[in-house]
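Engineer: I'd like to go over a predicted model; first the sequence, then the structure.
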Amino acid sequence: MNQLHGNRLRIVASFGTGKPVKESMFRRGGHQLHLGRAIDHGHRLFKTATAALTSCEITHEQVLNRSRASKRTDAPFDYFRFNVEEGLGKVKFNEWKSRRDDGDGGKCTTIAYLSNCAERELAKSEVQANLKALAIQLVEKRRDRARCHRAHWERFACCTSYKCLDDRCLHETEGLGRSFTTRDEMRQHLITVHPTPSQQQWPIESLESKLDKSRQMPELPAGPF
């Protein structure tokens, strides 16, 4: 768990879909259940509890404990969990109603209910503080990667590639051009295969401009490979 793509894990951010509602075996909707119904309801609760062994909340607790324990090692990582604490527990994943209880005695659509619950959660000061802390760390990591590992980060994050369309490469590839995975590969290609007319070193500004023009963006980004 402490390794991702060969790199040490630094941040884990988890976004939940609402905490499940705990039901009582002997009470449903404010009414007492008869013994037979209670047994039947208890059986359903037992099956629900069995399934809950792999629930998101249990996973959340496990990751939280791992994060806390990591602080005592040389490979610490921060863990952020965001979940709507109240209101979404009984909303099914496939629910789409034009009129449902809004929780305040009125009616609303499912999407409006989801939005209201999320807004109430986001209004909490501790949630805002955690979101800000996560955002700061993500921006710092992004800037660090862009600064220190520009070629690989550009490939991973934007799925870019490079293509040389100079006459020599077009001729050798029957008009297709020669493709390169990273900016560094394309840069090395220009320096060694396409030197300047005076056979001198490429001016930095001219070389970077040439690289920018050679960048290829995917029509439908789907990954770096």
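Structural biologist: Nice, thanks for sending it over.

Engineer: since we're on residue 186, how many residues are nearby?
Structural biologist: Neighbour count of residue 186, defined by other Cβ atoms under 10 Å: 24. Quick note: C-beta positions are derived from backbone N, CA and C, even for glycine.

Engineer: wait, residue 212
Structural biologist: Neighbours of residue 212 using other Cβ under 10 Å come to 10.

Engineer: Same question for it, what's its three-state structure.
Structural biologist: Secondary structure of residue 212, reduced to three states by DSSP: H, G, I helix; E, B strand; the rest coil: helix.

Engineer: Quick one: low-confidence residue ranges for this structure.
Structural biologist: Within the chain, the stretches with pLDDT under 70 are 1-7, 20-55, 197-200, 221-225.

Engineer: try it again with 50
Structural biologist: 25, 28-30, 33, 50-54, 224-225 (pLDDT under 50).

Engineer: May I see the domains of it written out as residue ranges?
Structural biologist: 3-20+55-148, 160-216 (automatic domain parsing).

Engineer: Of those, give the one that comes closest to residue 154.
Structural biologist: domain 160-216 (5.3 Å; Cβ to Cβ).

Engineer: Show residues contacting the biggest helix by length in the chain.
Structural biologist: Longest helix in the chain, counting residues (DSSP state H): helix 125-148. When contacts are defined by Cβ atoms under 8 Å, 6 or more residues apart in numbering, helix 125-148 is touched by residues 10, 11, 13, 78, 80, 82, 121, 122, 153, 154.

Engineer: Using PyMOL, define a selection of the buried residues within those residues.
Structural biologist: PyMOL command restricting those to the buried ones, with burial defined by 16 or more other Cβ atoms under 10 Å:
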select buried, resi 80+121+153+154
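
Engineer: now, which of the contacts of helix 125-148 sits nearest residue 202?
Structural biologist: residue 154 (19.8 Å).

Engineer: I'd like to know which elements the helix or strand containing that closest one is packed against.
Structural biologist: In the assignment (DSSP states H and E), residue 154 maps to helix 150-158. Counting contacts by 3 or more Cβ pairs under 8 Å, 6 or more residues apart in numbering; DSSP states H and E, helix 150-158 packs against helix 125-148, helix 183-193.

Engineer: between the ones you listed, which gets nearest to residue 101?
Structural biologist: Of the helices and strands packed on helix 150-158, nearest to residue 101 by Cβ to Cβ is helix 125-148, at 24.3 Å.

Engineer: ok now the closest one, how far from the chain's centre?
Structural biologist: Averaging C-alpha positions (Cα atoms, centre = their mean, to the nearest Å) puts helix 125-148 13 Å from its chain's average.

Engineer: and it with helix 150-158, angle?
Structural biologist: 130 degrees (axes from the mean of the first three to the mean of the last three Cα atoms, to 10 degrees).

Engineer: Now helix 125-148: buried residues?
Structural biologist: residue 127.

Engineer: returning to what we had before: can I get the helix holding residue 154 in PDB, CA atoms only?
Structural biologist: Output of helix 150-158 as PDB, limited to C-alpha atoms (Å, rounded to 0.1, in the frame of the first residue of the first chain):
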ATOM      1  CA  ARG A 150       8.500  17.600 -16.600                       C
ATOM      2  CA  ALA A 151       8.800  15.100 -19.400                       C
ATOM      3  CA  HIS A 152       7.300  12.100 -17.500                       C
ATOM      4  CA  TRP A 153       4.700  14.200 -15.800                       C
ATOM      5  CA  GLU A 154       3.500  15.700 -19.100                       C
ATOM      6  CA  ARG A 155       3.200  12.200 -20.500                       C
ATOM      7  CA  PHE A 156       1.400  10.800 -17.500                       C
ATOM      8  CA  ALA A 157      -1.000  13.800 -16.800                       C
ATOM      9  CA  CYS A 158      -1.800  15.000 -20.300                       C
END
